[in-house]
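Peer 1: build me a model:
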Amino acid sequence: MINVTNRAKEEITMLLSKEGKTNDHNVRVSVKGGGCSGLMYDLSFDSQIQEKDEVFEDKGIKILVDKKSLLYLLGTTLDFSDGLNGKGFQFVNPNASRTCGCGESFSV
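Peer 2: This next block holds a predicted model:
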């Protein structure tokens with residue numbers, strides 16, 4: 001399962017509205033190779049649920065994760081911060097053994 005904080009929910013809802021996306025758009029979270037630690041998070045909106053997707057819902061936000069990425073993301077919490085260290089979505093991933101300084105990449 002992937003959890004969503006209240007702050008992340010607010011930001012997702014605001015972005016969907018700002019971009020003119022309808023309620024049929026979901027949040028797609030995936031893992032791709034790259035970054036300073038080896039793996040990078042990818043976050044986007046998607047209206048299509050693929051056959052290979054696992055679908056989670058938390059706080060009214062539907063999250064799509066492909067089965068390959070799911071191995072790296074189980075138990076992750078999606079958060080949003082606009083503090084002094086930068087503004088953006090953050091992944092609190094219990095599976096990550098190491099993360100880079102910017103928080104955009106990780107390794108297991």
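
Peer 1: would you confirm that K62 contacts V27?
Peer 2: Yes: counting by CB atoms under 8 Å, K62 touches V27, with 6.9 Å between them. (Glycine included, C-beta is placed from N, CA and C.)

Peer 1: ok, the two, which is more surrounded?
Peer 2: Higher neighbour count among K62 and V27: V27, with 23 against 17, using other CB atoms under 10 Å.

Peer 1: the more buried one is in what secondary structure piece?
Peer 2: strand 26-33 (DSSP states H and E).

Peer 1: run through who's touching that strand.
Peer 2: 2, 12, 39-47, 49, 55, 61-66, 68-69, 72-73, 76, 78 (CB atoms under 8 Å, 6 or more residues apart in numbering).

Peer 1: which residues does the residue most central in space within the chain bridge with?
Peer 2: Of all residues in the chain, the one closest to the mean position by CA atoms, centre = their mean is V29, 4.3 Å from it. Per DSSP bridges, the residues bridged to V29 are L43.

Peer 1: which stretches in this protein count as strands?
Peer 2: 3-4, 26-33, 39-46, 53-58, 61-66, 77-83, 86-92, 98-99, 105-107 (DSSP state E).

Peer 1: what pairs with the first one, parallel or antiparallel?
Peer 2: When pairs are called by DSSP bridges, strand 3-4 turns out to pair with strand 77-83 (parallel).

Peer 1: using PDB, list the CA coordinates for the partner strand.
Peer 2: What follows is strand 77-83, C-alpha atoms only, in PDB (Å, rounded to 0.1, in the frame of the first residue of the first chain):
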ATOM      1  CA  THR A  77       4.100   7.500   2.200                       C
ATOM      2  CA  LEU A  78       3.700  10.400  -0.300                       C
ATOM      3  CA  ASP A  79       4.100  13.700   1.400                       C
ATOM      4  CA  PHE A  80       4.400  17.400   0.300                       C
ATOM      5  CA  SER A  81       6.700  20.000   1.800                       C
ATOM      6  CA  ASP A  82       7.100  23.700   1.000                       C
ATOM      7  CA  GLY A  83       9.700  24.400   3.700                       C
END
